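1. Any chance you could fold what I've pasted below:
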Amino acid sequence: MDFIKKHYEKLLLGVVLLSLAVAVVFLPFYINGQKQDLIDKRTGKLNPTVKALTNLDESRYTDAYQRLEKSVPLNLSKPHHLFNPVPWQKKADATLIKVQEGNEVGAEALQATKVNPLYTTIRFESVSPSTNYFISVTRDADPNPKLRRKKEVAYNLGEKRDFLQLMEVKGVPEKPELLILLLNDTSATVSVSIDRPYQRVDGYSADLRYDPEKGIWLGRRVNDKINFAGDEFSVVSINLIATNQFEVILSAKSTGKKTTVRYNSEM
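-> A predicted model of the protein is given here:
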């Protein structure tokens, strides 16, 4: 303890000098660190990291522009009735019908309840002892009602008439299995036998109904006329437009306006 008391100033001075020596040794490292920190900060300020801009969302403006382009016009026609009062019409049974949509009366209220195919049918009827072959033709679609009836004619082999020609007889001539025929209107070759006639669809007829006047017309054909709703209408055409789907087109005598009535045979 005496040594410390006598030399404590020297010891204290030694500690201070040692501390100064350590500080001198680490001072360059500290200065370099500070310099690098200043360089980093300066670089960060002068050359900052810039994030890429995202795509500008213009949907709000483009949607507004599209709405302006597709603006909905003011509609004061049917079925709006601000300036179009709803009329009432008297039906055949004296009851009133409200004409709200416009298709409750007139040609648009006509319905097709059935469409019937009109066939051309060719039958092999019999053979005479002199090997004349009796063939009948029925033409349901013919515009002339008199020509729609069944017509039976005797044919010899190779003979040509107004509708067909007997081209070939297959089997025993007195009891043939098949007759080969050439149709003059289409140049098609068809075959018939006693138990198997030939048929093709050459047109259609339609059954029509008009409920406001309880009108019913059966088997109306092209060019037939019907009267309803205070006008005369002609059947312009009856067409198959898709499988089991037909359209009946009518023309009004007073205006010439055509109306299409659709029919689905599966419904």
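
2. Report the buried residues of stretch 147-162.
-> Along stretch 147-162, the positions that meet the burial threshold by neighbour count (16 or more other C-beta atoms under 10 Å) are 153-155. Quick note: C-beta positions are derived from backbone N, CA and C, even for glycine.

3. out of these, which one sits closest to N264?
-> Using C-beta to C-beta, V153 is the member of the buried residues of stretch 147-162 that sits closest to N264, with 39.5 Å.

4. got the contact list for the closest one?
-> The neighbours of V153, taking C-beta atoms under 8 Å, 6 or more residues apart in numbering as the test, are 134-137, 161.

5. beta partners of L179?
-> Partner residues in beta bridges with L179, using DSSP bridges, are V169, V192.

6. What of D207?
-> D207 has these beta-bridge partners by DSSP bridges: K114.

7. What is the burial count for it?
-> Residues near D207, counting by other C-beta atoms under 10 Å, number 17.

8. Pick out whichever of the buried residues of stretch 147-162 sits closest to V192.
-> The shortest separation between V192 and any of these is 11.4 Å, and it belongs to Y155 (by C-beta to C-beta).

9. ok, that closest one touching S136?
-> No - under the contact definition of C-beta atoms under 8 Å, Y155 does not touch S136, with a separation of 10.9 Å.

10. before we move on, what SS does W217 have?
-> Look at W217: counting by DSSP: H, G, I helix; E, B strand; the rest coil, its state is strand.

11. What is the burial count for it?
-> Neighbourhood size, W217 [other C-beta under 10 Å]: 18.

12. How about it: what's its closest non-neighbour residue?
-> Spatial nearest neighbour of W217, excluding adjacent residues (C-beta to C-beta, 6 or more residues apart in numbering): L208 at 4.6 Å.

13. Tell me which residues touch the one you found, please.
-> In this structure, L208 makes contact with 110-113, 215-217, 220, 226, 248, 261, judged by C-beta under 8 Å, 6+ apart.

14. where in the stretch 1-150 of the chain is pLDDT low?
-> Filtered on pLDDT under 70, the stretch 1-150 of the chain yields the residue ranges 1-8, 10-11, 77-84, 88-97, 99-104.

15. what ranges do the strands span in it?
-> Read by DSSP state E, counting those that start in this stretch, the stretch 1-150 of the chain holds these strands, from start to end of the chain: 88-90, 96-98, 111-127, 133-139.

16. Most tightly packed of those strands?
-> Mean neighbour counts were compared across those using mean count of other C-beta atoms under 10 Å; the top stretch is strand 133-139, at a mean of 19.

17. Would you tell me what the next helix or strand after that one is?
-> As assigned by DSSP states H and E, the chain's next helix or strand after strand 133-139 is strand 151-155.

18. who does that following strand pair up with?
-> According to DSSP bridges, the neighbouring strands of strand 151-155, each with its direction, are strand 133-139 (antiparallel).

19. from the chain's centre, how far out does the partner strand sit?
-> 43 Å (C-alpha atoms, centre = their mean, to the nearest Å).

20. tilt between that strand and strand 111-127?
-> Our comparison of strand 133-139 with strand 111-127, counting by axes from the mean of the first three to the mean of the last three C-alpha atoms, to 10 degrees, yields an angle of 170 degrees.

21. who does the lengthiest helix in the chain touch, helix- and strand-wise?
-> For the chain, the helix with the greatest residue count under DSSP state H is helix 2-46. Contacts defined by 3 or more C-beta pairs under 8 Å, 6 or more residues apart in numbering; DSSP states H and E place helix 2-46 against no helix or strand at all.

22. Next, count neighbours for F26.
-> 10.

23. Please apply the same query to T43.
-> The criterion is other C-beta under 10 Å. On that basis, T43 has 10 neighbouring residues.

24. likewise the one 5 residues further on?
-> Each residue near P48 was counted by other C-beta under 10 Å, and the total is 8.

25. Begin at 676 from now on, thanks
-> OK, 676 is where the count begins now, so the last one is P723.
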